[in-house]
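> Would you be able to build a 3D model of this:
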Amino acid sequence: MKMIQNEYRFNRHFREYVNRYAREHGITPEEALMSTEVQQAARFYSEV
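Next comes the predicted model:
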């Protein structure tokens, strides 16, 4: 989880994705970071 939080903190594109996902699902960004879909996206955004 720490790695995803760091990715959220320092990667603007991933942060925008998480914020958009959270908004669309009516949850907080912290809750979004725990979702499987966002965790899979973190791998994609960290490889770019």
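
> Show me what the helix or strand hosting N6 is packed against.
Per DSSP states H and E, N6 falls inside helix 2-10. In terms of contacts (3 or more Cβ pairs under 8 Å, 6 or more residues apart in numbering; DSSP states H and E), helix 2-10 is packed against helix 12-25, helix 29-33, helix 36-47. (Glycine included, C-beta is placed from N, CA and C.)

> most packed of those?
helix 29-33 (a mean of 16; mean count of other Cβ atoms under 10 Å).

> Please list the outside residues in contact with that helix.
Applying Cβ atoms under 8 Å, 6 or more residues apart in numbering, the external contacts of helix 29-33 come out as 1, 4-5, 8, 18-19, 21-22, 25, 38-39.

> Which residue in these has the weakest pLDDT?
Within the set of the contacts of helix 29-33, pLDDT is lowest for M1 (80).

> what residues are up against the residue most central in space within the chain?
What sits nearest the mean C-alpha location of the chain, by Cα atoms, centre = their mean, is V18, with 3.9 Å. Listed by Cβ under 8 Å, 6+ apart, the contact set of V18 reads 8, 29, 32-33, 38.

> what's the answer for A22, then?
Residues near A22 by Cβ under 8 Å, 6+ apart: 28-29, 31-32.
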